[in-house]
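Enquirer: structure of the sequence below:
(one chain, ligands or ions: 1)
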Amino acid sequence: MSIDSRRWQREGIFTAGRSGTWQWRDPYTGKPSATISYRGLGDAVVLQYSIGDKQMHQHIELTHTGCNFGGARTWFACPNCCRRVAKLFMRSGAGFICRHCGRLRYASQSTDAVGRTWLKQYKAEAKLDKYHVRPKGMHHATRAKLLTVIHACEEQRDRALCAFMTARFPNGWPW
Ligand SMILES: [Zn+2]
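Expert: A predicted model of the protein is given here:
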């Protein structure tokens, strides 16, 4: 889901005092898939929508560049990095942000989470012998507990990968 400043400028959405809704349609079924409300302020636009139960309210500043033949082009200022961009992309938890911020966000989130699971797993594995064998003197229950931790870490990484791929390819994975 993205919004395009060129299209919104053409449609007059940024005009102060204008408000309405913007809708996305499923490209296959043609049915509405998402709707947001907007309010034009001239030099900014306010977006209101919900993600799950969460009400989102975003104030997005606009910047203008002049054209040689008169008139001006309107751009979004990314609410996260202030970069001047034509398109903002919807990222759950962050709202509409630029492509660059969207990428950074997912990359860092997934590496942090995945990194933590590896650390946790190494610690558990260090207590066991090679191939997760129970060292002499260790209780069976202790080994079982460590194995549970290791498997949970592996599962968590699978889930992180799934979440990453779904965020990156919302319309289906490329395989
Ligand atoms: Zn940004």
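
Enquirer: near the ion, which residues of the protein? Just list them.
Expert: Applying Cβ under 5 Å from the ion, we find that the chain lies next to the ion at 78, 80, 81, 83, 98, 101. For every residue, glycine as well, the C-beta is placed using N, CA and C.

Enquirer: quick one: the strands in this structure?
Expert: 2-4, 19-25, 32-40, 44-51, 54-66, 72-77, 84-85, 87-91, 95-97 (DSSP state E).

Enquirer: out of the ones you listed, which comes closest to residue 149?
Expert: strand 87-91 (31.1 Å; Cβ to Cβ).

Enquirer: run the chain-centre distance for the least confident helix or strand in the chain by mean pLDDT.
Expert: Ranked by mean pLDDT, DSSP states H and E, the weakest helix or strand in the chain is helix 99-127, scoring a mean of 79. Its chain's C-alpha centre and that of helix 99-127 lie 16 Å apart, by Cα atoms, centre = their mean, to the nearest Å.

Enquirer: what of stretch 38-54?
Expert: Worked out by Cα atoms, centre = their mean, stretch 38-54 lies 17 Å from the chain centre.

Enquirer: tell me the buried residues in that stretch?
Expert: Using 16 or more other Cβ atoms under 10 Å as the test for burial, stretch 38-54 gives 38, 39, 40, 41, 45, 47, 49.

Enquirer: give the contact list for the second one.
Expert: Read that as residue 39. 18, 19, 45, 46, 48 (Cβ atoms under 8 Å, 6 or more residues apart in numbering).

Enquirer: show me what contacts the residue lying closest to residue 17 once chain neighbours are set aside?
Expert: Leaving aside its sequence neighbours, residue 17 sits nearest to residue 40 (Cβ to Cβ, 6 or more residues apart in numbering; 6.8 Å). With contact taken as Cβ under 8 Å, 6+ apart, residue 40 is in contact with 12, 13, 14, 15, 16, 17, 18, 19.

Enquirer: mind giving me the ChimeraX command for buried ones among those?
Expert: The following ChimeraX line selects those of these that are buried, judged by 16+ other Cβ under 10 Å:
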select :13,14
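
Enquirer: can I get the contacts of residue 40 in a markdown table including pLDDT?
Expert: As requested, the contacts of residue 40 are exported to a markdown table (pLDDT from 0 to 100):
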| residue | pLDDT |
| --- | --- |
| 12 | 95 |
| 13 | 97 |
| 14 | 96 |
| 15 | 96 |
| 16 | 96 |
| 17 | 96 |
| 18 | 97 |
| 19 | 97 |
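
Enquirer: returning to that earlier point: now the buried members of the residues of the chain next to the ion.
Expert: 78, 80, 98, 101.

Enquirer: farthest-separated two in the residues you listed?
Expert: 80 and 98 (7.0 Å).

Enquirer: where does the prediction get shaky in this structure?
Expert: Across the chain, the ranges flagged by pLDDT under 70 are 105-110, 173-175.
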